[in-house]
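J.: Need the 3D shape of this:
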Amino acid sequence: MRCGCRSDIVLWLIPFEDPEGRFNFRRYRISDLHLIGCLSEPLEPVFESEKRSGTVIYTENMLLEDDGLTADYSFDTTAGLTSGNGSRYEGLVHFLQAQFTRASLETFSLANEGKAYGDASLLNPGQPMIFERMVELFNMPLLRQGSLSLETALERMGLKLYWGVTAQPLVQESDRPLDEDEYLQFKIGFHWDCHGFQTKGVLLELSPEVLANSRGKAKAHRHVIPPPYLYAAVVKPTESINRVTHFYRVPACIWGGSIFLIESEAERRSLRIALAAGAALIKLHVQGDLRALGESLWPFRTDENGHLPSRPDIIAFLNGKVRIFYITDSRDDEYLKRVAESVAELKLFLANSNVLVLPKTAESFADGSWLQLLA
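T.: Numbers count the residues shown, from 1 in each chain. Here you go, the predicted structure:
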């Protein structure tokens, strides 16, 4: 049922009988915040004891469909809701971002098996290798703290997940309002689902509500980042149409058969220049567990979750060294101040002569001056 005080929350209430024979409900997501007097606010949590400090929790609730009438699109479903012990619930967008990041790190390790971070022959994993790992992750029990896979959750709810790369201008189309009875048709050719690579094309239909609620950072500093995009669509198949219930698209940089997700056109330009210089790169889309690289590729410090204090834009392996870059073409003084603080914090955290943390602008990549710092 949908919450009475928070239109962005869909409640999962579990009935139970107390010792005196009375029936009541327990609430699955205790970290959801409710107004005083809301029917769900005082309900006892049923799974609170399963939470672990510092963990991210995903449930099949992230697949529930917005009805387009009561959904509050101003609510950021990727931000997460934090409980008192540090655990937090995250939505579908964060799940997709996290699994792409995990797959990128794990396949970087596989592509460079037996090598160390200083080797000159490090490789970037190919896009198919990353997507194949995502298929495996979507079939692993990553929901409900290790008791349910995304593929099983989709199957139980009569849904499918399709993803791939497209050059279609999805962002501009999502900005164009549709009439109430108008649908955007999106034809996908080769694509991926939870069973692997698929060669048969599929015609998807996006409603005005789903199109307006498309997720994924595809705009930066008030301008659209052009394609290509990595897209993902949760689809409710019927006899006549494949109706999209959730749609995600994020800009990508494609180079040499590899894929990196970006947050600005400045990042895309910088990545291309670094890749052309022969760098093997890690591009974290969200914070990722760098321990997945193994000690030979990442013998440097992380926190207890394998994270750095802040998420850099590029981690480059070149000329036997590791170079960490923060890329921006912003002129906002407050933003640049925060970047400088992140750089100083990371330098202190790593404190290793083989790692250099560089606050570089997009212009320094464009003129090649950053290469002088790699010697």
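
J.: Please count neighbours and contacts with C-alpha atoms only from this point.
T.: Will do.

J.: In terms of helices and strands, where is Ser353?
T.: Here Ser353 sits in a region with no helix or strand, counting by DSSP states H and E.

J.: same deal with Glu106?
T.: Applying DSSP H and E, one finds Glu106 within helix 92-111.

J.: what does that helix rub up against?
T.: Helix 92-111 is contacted from outside by 58, 62-63, 77-78, 123-125, 129-131, 133-134, 137, 215-216, 248, 282, 284-290, 292-294, 297, using CA atoms under 8 Å, 6 or more residues apart in numbering.

J.: just stretch 341-355 next, same as before
T.: With CA under 8 Å, 6+ apart, stretch 341-355 has contacts from 300-301, 308-310, 321-324, 326, 356-359.

J.: can you rerun that using 6 Å?
T.: Arg301, Lys321, Val322, Arg323 (CA atoms under 6 Å, 6 or more residues apart in numbering).

J.: Now do the buried residues in the strand with the most length in the chain.
T.: If you go by DSSP state E, the chain has its longest strand at strand 242-255. Using 16 or more other CA atoms under 10 Å as the test for burial, strand 242-255 gives 242-254.

J.: now the helix holding Glu106 against strand 242-255, angle please.
T.: On the basis of axes from the mean of the first three to the mean of the last three CA atoms, to 10 degrees, helix 92-111 is oriented at 40 degrees to strand 242-255.

J.: Output helix 92-111 in CSV, but only the C-alpha positions, please.
T.: This file holds the C-alpha atoms of helix 92-111, laid out as CSV (Å, rounded to 0.1, in the frame of the first residue of the first chain):
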residue,chain,number,x,y,z
LEU,A,92,17.2,0.8,-8.4
VAL,A,93,19.4,3.6,-9.9
HIS,A,94,22.0,3.1,-7.2
PHE,A,95,21.8,-0.7,-7.6
LEU,A,96,22.6,-0.4,-11.3
GLN,A,97,25.4,2.1,-10.7
ALA,A,98,26.9,-0.1,-8.0
GLN,A,99,26.8,-3.3,-10.0
PHE,A,100,28.4,-1.5,-13.1
THR,A,101,31.1,-0.2,-10.8
ARG,A,102,31.7,-3.6,-9.2
ALA,A,103,31.8,-5.3,-12.6
SER,A,104,34.3,-2.7,-13.9
LEU,A,105,36.6,-3.3,-11.0
GLU,A,106,36.4,-7.1,-11.0
THR,A,107,36.9,-7.3,-14.8
PHE,A,108,39.8,-4.9,-14.6
SER,A,109,41.4,-7.4,-12.2
LEU,A,110,40.5,-10.4,-14.5
ALA,A,111,41.9,-8.6,-17.6
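
J.: pLDDT score assigned to the closest residue in space to Ile57 that isn't next to it in sequence?
T.: Using CA to CA, 6 or more residues apart in numbering and skipping residues adjacent in sequence, the residue nearest Ile57 is Tyr89, 4.7 Å away. Predicted confidence (pLDDT) for Tyr89: 79.

J.: Need phi/psi at Tyr89.
T.: As for Tyr89, its main-chain torsions (degrees, to the nearest 10) stand at phi -90, psi 140.

J.: Which of the contacts of helix 92-111 fall within helices?
T.: When those are checked against helices (DSSP state H), the matches are Met129, Ile130, Phe131, Arg133, Met134, Leu137.

J.: what's the farthest-apart pair in those?
T.: Greatest spatial distance among the ones in helices among the contacts of helix 92-111 (CA to CA): Met129 and Leu137, at 12.5 Å.

J.: ok, of the buried residues of strand 242-255, which one's closest to Leu261?
T.: Closest to Leu261, out of all of those and judged by CA to CA, is Ala252, at 4.4 Å.

J.: And the closest one, what's its pLDDT?
T.: For Ala252, pLDDT reads 95.

J.: Centre of the chain to the helix holding Glu106, how far?
T.: Taking CA atoms, centre = their mean, to the nearest Å, the mean C-alpha location of helix 92-111 is offset from the chain mean by 8 Å.

J.: swap in stretch 276-287?
T.: From the chain centre to the centre of stretch 276-287 is a distance of 16 Å (CA atoms, centre = their mean).

J.: And stretch 109-125, by the same measure?
T.: With CA atoms, centre = their mean, you get 24 Å for stretch 109-125.

J.: and what of stretch 289-301?
T.: 21 Å.

J.: do stretch 128-135 as well
T.: Going by CA atoms, centre = their mean, where stretch 128-135 is centred and where its chain is centred differ by 15 Å.

J.: and the most centrally placed residue in the chain, how far is that from Leu230?
T.: What sits nearest the mean C-alpha location of the chain, by CA atoms, centre = their mean, is Gln97, with 1.4 Å. Plainly put, Gln97 is 11 Å away from Leu230 if you go by CA to CA, to the nearest Å.
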